[in-house]
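Q: Pasting the sequence and the predicted coordinates here, then a few questions.
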Amino acid sequence: MGKFHAANLGETFARTKAIRERQKKEEKRQKQEAKRQKQEAKLQKKKTQGKGFLPSDPNALCERLELLMASKQAGNTGLRNEIVSNCDELLRQKFCLVMLTKT
């Protein structure tokens, strides 16, 4: 009877050890997955950072372009990319643009 009891304890110990090892592996995998998701979110944020929303309505684009041009003439120097984006979108929509000359 004593040998049987010892064998059961050995099996129980081995099972418990295997369960703990699986739990450790699962925890490690979860940490790696969380780290990967965090890095992916950071990369996605970098990809979308600085990109503004452009309305699809040509009239709204024209109003925004007029506002941007007035702001540029008033001395704001950081608008070139947004102005170009608006012009590109208007051209993409085949909306007539009057050539703007540098004064």
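A: Nice, thanks for sending it over.
Q: Report the distance from stretch 58-78 to the chain centre.
A: In this view, stretch 58-78 has its centroid 28 Å away from the chain centroid, taken as C-alpha atoms, centre = their mean, to the nearest Å.
Q: Which element, helix or strand, includes the residue most central in space within the chain?
A: With distances taken as C-alpha atoms, centre = their mean, the residue of the chain nearest its centroid is residue 44 (2.3 Å). According to DSSP states H and E, residue 44 maps onto helix 2-48.
Q: So for that helix, mean pLDDT?
A: For helix 2-48, mean pLDDT rounds to 81.
Q: In terms of residue numbering, what are the domains of the chain?
A: 1-49, 51-103 (automatic domain parsing).
Q: Could you say which of those domains is packed most deeply?
A: domain 51-103 (a mean of 12; mean count of other C-beta atoms under 10 Å). For the C-beta atoms, the positions are set from N, CA and C on the backbone; glycine is no exception.
Q: how much distance is there from it to the middle of the chain?
A: In terms of C-alpha atoms, centre = their mean, the centre of domain 51-103 is set 26 Å apart from its chain centre.
Q: and the end-to-end length of stretch 54-62?
A: Start-to-end span of stretch 54-62 (C-alpha to C-alpha, to the nearest Å) is 11 Å.
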